[in-house]
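# return atomic coordinates for the entry below.
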Amino acid sequence: MTGRVAVSADLNFVEGLMLHGAADLKKCYQCSTCTVACPLTPDEQPFPRKEMLWAQWGMQEKLVRDMDLWLCHNCNDCTDQCPRGAKPGEVMSALRNQTIEHYSYPQAISKAAKTGAGNLVLILIPMLLVALAILLKNMGNDFAFLTAKPIVYANMLPVTFVDLIFLPAALFALFNGYMGISKFIGGLKEQYPPTEAGETFFASVKGTIQDVLSHIEFKKCLSNKSRNIWHRLMMYGFLGLFVTTNAVMILHYLKEFGFDVQETPLPFFHPVKILGNVSAVAAFSGIYFIVRDRVKNSAESVLSLFDWMFIGNMFFTVVTGIMCQVFRVGDQAVLAFSTYYIHLVMVFYLLAYAPQTKFGHILFRPAAMIYSRYSGRNKNIFRNL
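Take a look at the predicted model:
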């Protein structure tokens, strides 16, 4: 005897998915080829078949609490082998974007990041803040930094002014990220209660860090093996740039407090400068090849504005950072300071809105991977052997 199952369908949710990257969702006829093709899915309740069904039915509440969306690493093996062209890999990506929006705090930022007009507003905020800081600093000296030699970016905007803009932005992002991830973990606990098969919290965190740094999950993908290399270059490049930025800030304040350290700008063969340059090249290379492959496979791989803004923001952050150094060394003051202004705007967008944009996946994915181990859902798939 078959029992009844009540389904609360949200058709607006389905329409939103189809508008933002899952246009071919309804082509799926549940053949399960995608689950067979996926090298990452667990044996019990495999993905992405169930996600395709839930998405077609508009079962938003189940999907936003679905850990498996984040255990998928978008290698697109499933999309390549789908007999109907339903693009399950792209549907999973669109569902992750919807999850970020659902848990975002405040949600208005995430909604804005999905539209052209909304992104314009988000970018105008740092444009005005940085421009105002430059005006306040240089109003009384007729912008003398433009003719001062050598070119020093602190003459246009001292580190103290930069910190007054970016430290509140970082705290804003940390608070919003905490609010969003707290709600996300709460949803995971409801849908996947912890079991005795799970690991300890410490072991879950340690194992996830190993998996992320080794990219072991990317190595299991079959159709897009090079993505492992490009994604790793991008990740390690940005980690290196993060370390470089903070090292420069520390050196600056050590100098301010009278310590005998190298004054910025640093010489080319200073260890921090070498780390920054190597990291910038790595990040640029990773982003370039990821975009190249996406464009080459555009018939199978669809990116929404939400995705492109993230990729574009990272790309221009890296490129403007590189060009700042090129123009400074080349003694091109107008180009140097203009590029530095754009660079600061790009960094602000990347930092302040991280939890509400595609960049939020650096919070949601590790959180889901940690909880998958902790709950016993998927601890063996990502074990770093």
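# list the contacts of the strand or helix carrying residue 55.
Residue 55 belongs to helix 49-56 when elements are defined using DSSP states H and E. Identification of contacts with helix 49-56 by CB atoms under 8 Å, 6 or more residues apart in numbering yields 14, 17, 22, 25-26, 28, 30, 32, 34-35, 62-63, 66, 68-69, 86, 88, 91-92, 95. To be clear about C-beta, it is placed using only N, CA and C from the backbone, and glycine gets the same treatment.
# are any of those residues buried, and which?
When the contacts of helix 49-56 are checked for burial by 16 or more other CB atoms under 10 Å, the buried set is 14, 17, 22, 25, 28, 34-35, 62-63, 66, 68-69, 86, 88, 91-92, 95.
# which of those fall in strands?
Assignment to strands by DSSP state E places none of the buried ones among the contacts of helix 49-56 there.
# how close does the nearest residue to residue 230 once chain neighbours are set aside sit to residue 118?
Spatially, and ignoring its direct neighbours in sequence, residue 230 is nearest to residue 289 (4.2 Å; CB to CB, 6 or more residues apart in numbering). According to CB to CB, to the nearest Å, residue 289 and residue 118 sit 29 Å apart.
# quick check: next helix or strand after the helix or strand harbouring residue 232?
Here residue 232, judged by DSSP H and E, is contained in helix 226-256. Following helix 226-256 in sequence order, the next helix or strand is helix 271-296 (DSSP H and E).
# what helices and strands are in contact with that next one?
Helices and strands touching helix 271-296, by 3 or more CB pairs under 8 Å, 6 or more residues apart in numbering; DSSP states H and E, are helix 226-256, helix 305-329.
# in it, what's buried?
Buried residues in helix 271-296 (16+ other CB under 10 Å): 272-273, 276-277, 279-280, 282-291, 294.
# host element of residue 79?
In this assignment (DSSP H and E), residue 79 forms part of helix 77-81.
# output that helix in CSV with nothing but the alpha carbons.
C-alpha atoms of helix 77-81 as CSV (Å, rounded to 0.1, in the frame of the first residue of the first chain):
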residue,chain,number,x,y,z
ASP,A,77,30.8,14.7,-15.4
CYS,A,78,27.0,14.5,-14.9
THR,A,79,26.3,17.2,-17.5
ASP,A,80,28.6,15.6,-20.1
GLN,A,81,26.8,12.3,-19.8
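# for that helix, packing partners?
Helices and strands touching helix 77-81, by 3+ CB pairs under 8 Å, 6+ apart, are helix 33-37, helix 88-103.
# residues of the helix or strand following the longest one that come out buried?
Pointing back at helix 88-103 there. Toward the C-terminus, helix 88-103 is succeeded by helix 107-112 as the next helix or strand (DSSP H and E). Within helix 107-112, the residues that count as buried by 16+ other CB under 10 Å are 109, 110, 112.
# low-scoring stretches of the stretch 251-385 of the chain, by residue?
Residues of the stretch 251-385 of the chain that meet the criterion pLDDT under 70 lie in 298-302, 378-385.
# give me that answer again for 50
Where the stretch 251-385 of the chain drops to pLDDT under 50, the residues are 381-385.
# same for the helix or strand harbouring residue 210, what does it pack against?
Element membership for residue 210 (DSSP H and E) is helix 201-214. Counting contacts by 3+ CB pairs under 8 Å, 6+ apart, helix 201-214 is packed against helix 361-375.
# the helix it packs on to helix 305-329, inter-axis angle?
Helix 361-375 and helix 305-329 are oriented at 120 degrees to each other (axes from the mean of the first three to the mean of the last three CA atoms, to 10 degrees).
# I figured residue 184 hits residue 100, correct?
No. Residue 184 is beyond contact range of residue 100, at 9.1 Å (criterion: CB atoms under 8 Å).
# can you check which residues contact both of these two?
Between them, residue 184 and residue 100 share these contacting residues under CB under 8 Å, 6+ apart: residue 364.
# buried ones in the helix holding residue 232, by neighbour count?
Of the residues in helix 226-256, those buried (16+ other CB under 10 Å) are 227-228, 230-238, 240-241, 244-245, 247-249, 251-252.
# show me how far that helix is from its chain's centre.
15 Å (CA atoms, centre = their mean, to the nearest Å).
# counting by contacts, list what it packs against.
When contacts are defined as 3+ CB pairs under 8 Å, 6+ apart, helix 226-256 packs onto helix 159-191, helix 216-219, helix 271-296, helix 305-329.
# tilt between that helix and helix 159-191?
Using the same axes, to 10 degrees, the inter-axis angle of helix 226-256 relative to helix 159-191 is 140 degrees.
# helix 226-256 vs helix 201-214, what angle?
Orientation check (the same axes, to 10 degrees): helix 226-256 against helix 201-214 gives 110 degrees.
# so what pLDDT did residue 49 get?
pLDDT for residue 49: 93.
# which residues touch the residue nearest to it when sequence neighbours are not counted?
Counting by CB to CB, 6+ apart, residue 35 is the residue found nearest to residue 49 once chain neighbours are left out, at 4.5 Å. The contact partners of residue 35, taken as CB under 8 Å, 6+ apart, are 41, 46, 47, 48, 49, 78.
# repeat the analysis, applying 6 Å as the threshold.
By CB atoms under 6 Å, 6 or more residues apart in numbering, the contact set of residue 35 is 41, 46, 49.
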